[in-house]
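[1] Provide a 3D model corresponding to the input given below.
(one chain, ligands or ions: 3)
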Amino acid sequence: MPQTSLPPSLHDALVQILGPSGVLTNPADTEAFCVDWRALYHGHCAAVLRPANTEECAKAVALCHAHNVPMVPQGGNTSMVGGATPDSSGRAVVISTTRMNQIHTIDHADLTMTVDAGVTLKAAQDAASAQGLLLPLSISSEGSADIGGILATNAGGNNTVRYGNARELALGLQAVLPDGNVLNLMRKLRKDNTGYALRQLLVGSEGTLGIITQAVIQLQPAPRSRETALCAVESPQAALNLFAAFRKQDPSAIHAFEFMSGTSMALVNGLIDGATLPLEAPAPAYVLVELASPRADDSLRSLMEDVLGSALEDGLVTDAVLAESESQRQSLWMIREEHAEAQKRAGASVKNDVSVPLAAIPEFIEAATKACEALIPGIRVAPFGHIGDGNIHFNLVQPEGADPAAFLAQDHAMMDTVAEIVRKLGGSFSAEHGVGQLKTYMMPSWRGGAELQAMRRIKAALDPQDLMNPGKVLPPAQA
Ligand code: FAD
Ligand code: 2HG
Ligand code: ZN
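    Ligands and ions are numbered 1, 2, ... in the order given. The predicted structure is shown next:
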């Protein structure tokens, strides 16, 4: 007998559609799908469904809809906000996209890739790269996060500063709606003003409006020259001034511009094997800057050297190292990409993925640091992030030796303290990770009134039974 709360007739019908390996019910098989990357949420599910294509997905969703079974779409399960984790009732099924993993076409005339939702971002990037093209979205979780997941969350990451968020890359999209109908928007058009842009409604909806099954993603010519440097700076303001200096020379050359605080860098150096600081001495803060161009000439090198040369003379940068080979470049990026992992190893942490206008970043970091240190003595304030987009991961790591559970019990106090400063500076409480289940409680005060009402009406129109990823993004109606 399968261990599931699904009615036997529904279970059998799902096995009929998806095959025995497409319906997991054994707790040993389903457990990993019910815990988030941060291990903050531990849910239960009636089954994990693994459709291999849109048709199977649509049939399975229609059946769940008919039986009133909640559905939780899941891609690589790397959500930072518990977005892909079911609740503890055990009523929901997780619908995993990992078996929908075909790359269909790469179109050199239109510069697009047609791809299934379950293809990992890394596999899609590699396929583009093998054909001299670039899929211009890069996040540290790209080995697991998939195309459906990055679109459903409107992921940002390291190259947003140049190419925009996932939303900007989605030319076409296919999705299974909560009742099992297929919304086919797989157009490759750069111009198409024919009514509401439904694909953009699905992008960033975090699995609450449907399951994305395929997409047409815009590509770019692959860079043929790159220059990467790690710079020591005295302050966030110096980092911003350096950004302005590069932007003044050639904004289109900036491929990534990442900020790391001294505290967050020290955690990486201390907790990640092979991550050593390639500079003379630790600094208050660091910038990782990458320039890239499809041109093969050496003009980027002189741009990098000119800007950094002046910045060193003016004291804007106090030390810098330029990557002289691809392996050195990768070592510099490893230091940045291991930030999330290092903070996980440092104990309990509270994440504030916020954005503010660029000019407000120094004031934000200073005020939020003071407020958090006053709230919890000994707290380790470890901000880093995509400073070129105004997006700081203002992360708070528990005091050394403190009880992790006691620290996490104060998560709302910390999040609200940071959020109120963000609000005063005209920012957002969630820049790129989304709302998930972690931040639904913040929606009424941040997005209340007509905005939240419009969101609820859209949800009710497409999912009147509230079956698609219930409890995510939108708070309960009485909130
Ligand atoms: P999941 O975690 O499986 O799901 C995320 C949400 O999307 C859930 O609400 C889920 O229900 C929904 N969903 C998933 N697939 C579908 C689908 N096919 N159709 C509809 N809904 C779906 N995020 C950034 O933006 N920038 C970063 O730089 C970044 N770096 C990260 C680094 C690390 C180490 C980690 C662990 C996470 C990072 N993230 C980052 C967060 C996360 O990786 C992104 O949100 C990513 O887009 C999630 O993709 P996923 O496939 O893992 O989705
Ligand atoms: C990154 O930029 C991710 O590395 C993760 O968005 C951020 O750990 C975090 O808070
Ligand atoms: Zn990020």
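[2] C-alpha only now, for contacts and for neighbours.
    Fine.
[3] so which strand or helix has the residue nearest to the spatial centre of the chain?
    The centroid of the chain falls nearest to Ala155 when counting by C-alpha atoms, centre = their mean (4.1 Å). Using DSSP states H and E, Ala155 maps to neither a helix nor a strand.
[4] show me what contacts it?
    Ala155 makes contact with 165-167, 432-433, according to C-alpha atoms under 8 Å, 6 or more residues apart in numbering.
[5] now, the most widely separated pair of these?
    Arg167 and His433 (13.4 Å; C-alpha to C-alpha).
[6] How about the residues of the protein by ligand 1?
    Residues of the chain found near ligand 1, taking C-alpha under 6 Å from any ligand atom as the criterion, are 37, 72-80, 83-84, 97, 117, 139-141, 145-146, 148-150, 152-153, 155-157, 206-207, 210-213, 340, 432-433, 436.
[7] Next step: the residues you listed restricted to strands.
    72-74, 211-213 (DSSP state E).
[8] Helices of the stretch 201-350 of the chain, start to end?
    236-249, 262-271, 299-314, 326-337, 339-345 (DSSP state H, counting those that start in this stretch).
[9] Alpha carbons of the second one, as PDB, please.
    It stands for helix 262-271. Listed next in PDB are the C-alpha coordinates belonging to helix 262-271 (Å, rounded to 0.1, in the frame of the first residue of the first chain):
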ATOM      1  CA  GLY A 262      34.500  42.700   5.700                       C
ATOM      2  CA  THR A 263      32.400  40.500   8.000                       C
ATOM      3  CA  SER A 264      30.800  38.400   5.300                       C
ATOM      4  CA  MET A 265      34.200  38.000   3.600                       C
ATOM      5  CA  ALA A 266      35.800  36.800   6.900                       C
ATOM      6  CA  LEU A 267      33.100  34.100   7.200                       C
ATOM      7  CA  VAL A 268      33.900  32.900   3.700                       C
ATOM      8  CA  ASN A 269      37.600  32.800   4.400                       C
ATOM      9  CA  GLY A 270      37.100  31.100   7.700                       C
ATOM     10  CA  LEU A 271      34.500  28.500   6.700                       C
END
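[10] average pLDDT for it?
    For helix 262-271, mean pLDDT is 98.
[11] Output the residue of the stretch 351-479 of the chain whose distance to ligand 1 is smallest.
    Glu432 (4.4 Å; C-alpha to the nearest ligand atom).
[12] Oh, that last question was meant for the stretch 251-400 of the chain, not what I typed.
    Ala340 (5.2 Å).
[13] That residue: how many residues sit nearby?
    For Ala340, the count of nearby residues is 19 (other C-alpha atoms under 10 Å).
[14] Report the separation between it and Leu267.
    To Leu267, Ala340 is 10 Å away according to C-alpha to C-alpha, to the nearest Å.
[15] Quick check: which ranges of the stretch 351-479 of the chain have low pLDDT?
    479 (pLDDT under 70).
[16] again with the chain
    Where the chain drops to pLDDT under 70, the residues are 1-2, 479.
[17] Please name the residues that touch the residue in the stretch 151-300 of the chain positioned nearest to ligand 2.
    Closest contact between the stretch 151-300 of the chain and ligand 2, by C-alpha to the nearest ligand atom, is at Gly157 (5.8 Å). By C-alpha under 8 Å, 6+ apart, the contact set of Gly157 is 137-140, 165, 386, 432.
[18] Could you export the residues you listed as CSV, including neighbour count?
    CSV is the format used below for those (neighbours: other C-alpha atoms under 10 Å):
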residue, neighbour count
Leu137, 23
Ser138, 19
Ile139, 17
Ser140, 18
Asn165, 23
His386, 23
Glu432, 22
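[19] what comes into contact with stretch 55-65?
    In contact with stretch 55-65 (C-alpha under 8 Å, 6+ apart) are residues 10, 14, 17-18, 51, 70-71, 176, 178-182, 467.
[20] May I have that stretch as CSV, with CA atoms only?
    Coordinates of each C-alpha in stretch 55-65 appear next as CSV, following Å, rounded to 0.1, in the frame of the first residue of the first chain:
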residue,chain,number,x,y,z
GLU,A,55,0.7,17.1,-21.3
GLU,A,56,1.4,14.8,-18.3
CYS,A,57,1.6,17.9,-16.0
ALA,A,58,-1.7,19.2,-17.3
LYS,A,59,-3.5,15.9,-16.8
ALA,A,60,-2.1,15.5,-13.3
VAL,A,61,-3.1,19.1,-12.3
ALA,A,62,-6.6,18.6,-13.7
LEU,A,63,-7.0,15.5,-11.6
CYS,A,64,-5.7,17.2,-8.4
HIS,A,65,-8.0,20.1,-9.2
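[21] and that stretch, how far from the chain's centre?
    27 Å (C-alpha atoms, centre = their mean, to the nearest Å).
[22] Would you confirm that Pro399 contacts Ala382?
    No - contact between Pro399 and Ala382 fails when scored by C-alpha atoms under 8 Å: they sit 11.6 Å apart.
[23] Give me the more crowded residue out of these two.
    Legend: neighbour count by other C-alpha under 10 Å for Pro399 and Ala382, higher for Ala382 (23 against 19).
[24] what about the strands in the stretch 301-450 of the chain?
    For the stretch 301-450 of the chain, the strands defined by DSSP state E, counting those that start in this stretch occupy 317-322, 349-350, 353-355, 380-386, 391-397.
[25] Report whether the shortest one contacts ligand 2.
    No - Strand 349-350 stays clear of ligand 2 (C-alpha under 6 Å from any ligand atom), getting no nearer than 8.4 Å.
[26] and if you look at the last one?
    Yes - where contact is defined by C-alpha under 6 Å from any ligand atom, part of strand 391-397 touches ligand 2, namely His393.
[27] tilt between that strand and helix 262-271?
    Angle of strand 391-397 versus helix 262-271, following axes from the mean of the first three to the mean of the last three C-alpha atoms, to 10 degrees, is 60 degrees.
[28] packing partners for strand 391-397?
    strand 349-350, strand 353-355, strand 380-386 (3 or more C-alpha pairs under 8 Å, 6 or more residues apart in numbering; DSSP states H and E).
[29] Could I get the buried residue list for it?
    Within strand 391-397, the residues scored as buried using 16 or more other C-alpha atoms under 10 Å are 391-397.
[30] what's in contact with that strand?
    343, 346-356, 365, 379-386, 431.
[31] Over to the fourth one?
    The contact list for strand 380-386, computed with C-alpha under 8 Å, 6+ apart, reads 157-158, 161, 257-264, 365, 369, 372-373, 391-399.
[32] partners of it in the sheet?
    strand 254-261 (antiparallel), strand 391-397 (antiparallel) (DSSP bridges).
[33] still on that earlier bit, give me phi/psi at the residue of the stretch 151-300 of the chain closest to ligand 2?
    phi 110, psi -160 (degrees, to the nearest 10).
[34] related to what we said a few turns ago, just curious, which of the contacts of Gly157 is nearest to Leu6?
    Nearest to Leu6 among the contacts of Gly157, with distances taken as C-alpha to C-alpha, is Glu432, at 34.9 Å.
[35] is it true that that closest one touches Asp353?
    Yes - the criterion here is C-alpha under 8 Å, and Glu432 meets it with Asp353 at 7.0 Å.
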